[in-house]
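Undergrad: for reference, the sequence and a predicted model appear below.
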Amino acid sequence: MTRELVRRTAGKKAQVLDSVGWCEETLIPGYETRVLDGFHLRGTEHRIKETRSLRATPLPGQCLAVLDPQRHLLVDIYAELSAEHMAEALKNHARHVRQRRYLKHRRGSKKPPPKRTGRKSHVSTAQVLATRRRRE
């Protein structure tokens, strides 16, 4: 429920910010950036004054927040996660990354590999030790 509330609110606020043209310059030109912030939520976290007298506390676990730095907007949250669920959430979030945009340029080596001298083939250490043991 928390996640859906954050996502809906972020979507509406993003539309308003875009309609008035308020958006900071991108951190990396040409790229859509997000900031992931993970933290551990203890069962004894400080709460607002009105809820301090209640015995209920937040469930302990991991929390992952996703921030849009251009709009200064929390766009998604994964709350009250076990370590396994947090790992799954990170994998799920990583699936949406367009890796082709971040690949390095394919170019050859800067200089040719050095010419091999001496033996023509590779000799493993195990072969050398086995040969010595046979001679002994």
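TA: Received the coordinates, thanks.
Undergrad: any idea how many residues pack against Q62?
TA: Other residues within reach of Q62, judged by other CB atoms under 10 Å, total 19. Every C-beta, even on glycine, is put in place using the N, C-alpha and C of the backbone.
Undergrad: how about it, secondary structure?
TA: The three-state label given to Q62 by DSSP: H, G, I helix; E, B strand; the rest coil is strand.
Undergrad: check the gap between it and L5 for me.
TA: Counting by CB to CB, to the nearest Å, the gap from Q62 to L5 is 19 Å.
Undergrad: what of T26?
TA: T26 is 27 Å from L5, by CB to CB.
Undergrad: what of R101?
TA: In terms of CB to CB, R101 sits 31 Å off from L5.
Undergrad: what are the boundaries of the helices in the chain?
TA: Secondary structure of the chain (DSSP state H): helices at 2-19, 83-95, 125-135.
Undergrad: between those, which gets nearest to D37?
TA: With CB to CB, the closest approach to D37 among the helices of the chain belongs to helix 83-95: 12.1 Å.
Undergrad: can you tell me the average pLDDT over the closest one?
TA: On average, the pLDDT along helix 83-95 is 81.
Undergrad: quick one, that helix and helix 2-19 angle?
TA: 30 degrees (axes from the mean of the first three to the mean of the last three CA atoms, to 10 degrees).
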